[in-house]
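Undergrad: curious how this folds, go ahead:
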Amino acid sequence: MKKIYILLLFMITLSCKQKNDSKQEVCKCNSNLFSRYSLFITNVVVIDTLDNYELIYNCASVNFNIKSIFNSKENNESFNTDCISEEVDKLRLTKDFSYSTEEMKYIEITVEGARLDFFEEVKNNKKAIFMVRLNEKKEIDLIEKI
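TA: As a prediction, the model looks like this:
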């Protein structure tokens, strides 16, 4: 009987450990992938402060896959989102930030028009993922939709 109790206790202990091991690790966001201060963000909300804009966001860990160079009809790179951080962060936009998308390569658009497109994209597509670059002051000066 003692052996049965010990075996039962051992099995319960192992099952508890397996449950703890199966918990997802904290999302570690990629940075320094394209430049020293680049970061991937999603779930972006724009806050209009008195003198500038701030972005509230969740960072994302992204992996890029290079497609075949022979398939020129599609974009040559795609990406997978590994995870999205649950932690909410905030960064300031510079007054002269620039924004671009793949589609903007084929149309004529002013810098101000591109900025307005960014604000519309954030308002209409909360799940969009952006690569942002930070300047020395840790402010966003470049945004690219991926």
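Undergrad: going forward, measure contacts and count neighbours with C-alpha atoms only.
TA: OK.
Undergrad: against Leu50, how distant is Ala130?
TA: For residue 130 the amino acid is Phe, not Ala. Separation of Phe130 from Leu50 (Cα to Cα, to the nearest Å) stands at 24 Å.
Undergrad: same thing with Leu91?
TA: 15 Å.
Undergrad: those two: who's more crowded?
TA: Taking other Cα atoms under 10 Å, Leu91 and Leu50 do not tie; Leu91 has more neighbours (15 against 6).
Undergrad: residues in contact with that one?
TA: Counting by Cα atoms under 8 Å, 6 or more residues apart in numbering, Leu91 touches 54-56, 138-140.
Undergrad: what stretches of this structure score poorly on pLDDT?
TA: By pLDDT under 70, the low-scoring segments of the chain are 1-25, 30-37, 66-77.
Undergrad: where do the strands sit along it?
TA: Counting by DSSP state E, the chain has these strands, from start to end: 38-48, 53-66, 77-100, 130-134, 140-145.
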